[in-house]
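J.: Can you look at this prediction? I've put the sequence above it.
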Amino acid sequence: MTCIAIDDEPMALEVIERYCADSNLVDLKATFREPLKAIAWLSRNKVDLIFLDINMPDRSGMQLVQSLSPLPMIIFTTAYSHYAVESYNVGAVDYLLKPILFERFLTAIHKAAKEVPMETIVYFKSGPQTYPVKLNDILYLEKDGNYMTVHLKEKNILIRENMSDVFDLVPANDFLRVHKSYVVAIRHITMIEAHQLTIGGEKIPVGSTYRESLRVRLGMS
């Protein structure tokens, strides 16, 4: 599971960082001491889980939860036990009292893991080899002649496929054709401009015949 931690106390964040590093269930993407900076980051990025302090300056953990949509899973971390009922009323997965013990931390993340749907795996054949790939790791597919490059978060895979068959490889509800040579993962689009969009830091052209379908798919006016 991907996660972030938000707490105005540096030592509390250090504990979460250490516990996450010692667990194979969570991938800590960032830590924040200021809730407003965390909200700005979450507007551009998605995570499965947030470790969230309740008493913080500028905005409390409860206020932050109310401002997020969609809402990731929440594990509250606080020194005050009287917030427990309120935390469960907002759908928190768990409530960790400081100082947090590692065993109690593991119990909480195992609860969260049960809420995460199984990762969809798709398969790409490249020459004699077949690669299982997590659907969420696919950024976009790029056609070049008789071949297609599957651009992943960590590597690329070259396959021999036609663009007309691309939605036999990846689900149409998660991907969108935006150009004669490009099909993109909708979840990874970070910016849209008049004639291009951005995914994983790369600029992808948007063909004129695909602009309207892109606007409709993303609910743009």
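T.: Nice, I can see it. Residues are numbered from 1 along each chain as shown.
J.: now what about stretch 46-63, what contacts it?
T.: 1-9, 12, 16, 26, 29, 34-36, 39, 64-65, 67, 72-80, 83, 86-87, 90, 93, 96, 109, 112, 116, 187 (C-beta atoms under 8 Å, 6 or more residues apart in numbering). Yep, even glycine has a C-beta here, placed from its N, CA and C like the rest.
J.: Can you mark which positions in the longest helix out of those in the chain are buried?
T.: Looking across the chain with DSSP state H, the single longest helix is helix 102-115. Within helix 102-115, the residues scored as buried using 16 or more other C-beta atoms under 10 Å are 105, 108-109, 112.
J.: and if you look at stretch 162-174?
T.: So for stretch 162-174, counting by 16+ other C-beta under 10 Å, buried means 163, 166, 169-170.
J.: and which of these is nearest to residue 180?
T.: Proximity of these to residue 180 (C-beta to C-beta) peaks at residue 163, which lies at 7.3 Å.
J.: And the lowest mean pLDDT element among the helices and strands of this structure?
T.: When the helices and strands of the chain are scored by mean pLDDT, DSSP states H and E, helix 84-89 comes last with a mean of 67.
J.: Derive a ChimeraX selection command for the buried subset of the contacts of stretch 46-63.
T.: Applying 16+ other C-beta under 10 Å to those, the buried members can be selected in ChimeraX as follows:
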select :1,2,3,4,5,6,7,12,16,26,35,39,64,65,72,73,74,75,76,77,78,83,87,93,96,109,112
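J.: Please give the element, helix or strand, for residue 13.
T.: helix 10-21 (DSSP states H and E).
J.: now the angle from that helix to helix 102-115?
T.: 60 degrees (axes from the mean of the first three to the mean of the last three C-alpha atoms, to 10 degrees).
J.: Could you name the helices and strands sitting against the next helix or strand after helix 10-21?
T.: Next helix or strand after helix 10-21 toward the C-terminus (DSSP H and E): strand 27-32. Where contact means 3 or more C-beta pairs under 8 Å, 6 or more residues apart in numbering; DSSP states H and E, strand 27-32 is packed against strand 2-6, helix 10-21, helix 35-42.
J.: so where's the protein shaky on pLDDT?
T.: Segments of the chain classed as low confidence (criterion: pLDDT under 70) are 82-88, 117-118, 221.
J.: swap the cut-off to 80 and go again
T.: Scanning the chain for pLDDT under 80 picks out 57-59, 69-70, 80-90, 116-119, 219-221.
J.: Does residue 16 touch residue 32 like I think?
T.: No - taking contacts as C-beta atoms under 8 Å, residue 16 lies outside contact range of residue 32: 11.2 Å.
J.: Touching both of the two, which residues are there?
T.: 5, 7.
J.: now the nearest residue to residue 64 once chain neighbours are set aside: how far from residue 162?
T.: Once flanking residues are discounted, residue 64 sits nearest to residue 35: 5.2 Å by C-beta to C-beta, 6 or more residues apart in numbering. For residue 35, the distance to residue 162 equals 48 Å [C-beta to C-beta, to the nearest Å].
J.: In contact with the nearest residue to residue 21 once chain neighbours are set aside, which residues?
T.: Among residues not flanking residue 21 along the chain, residue 28 sits closest, at 7.5 Å (C-beta to C-beta, 6+ apart). The neighbours of residue 28, taking C-beta under 8 Å, 6+ apart as the test, are 3-5, 16-17, 20-21.
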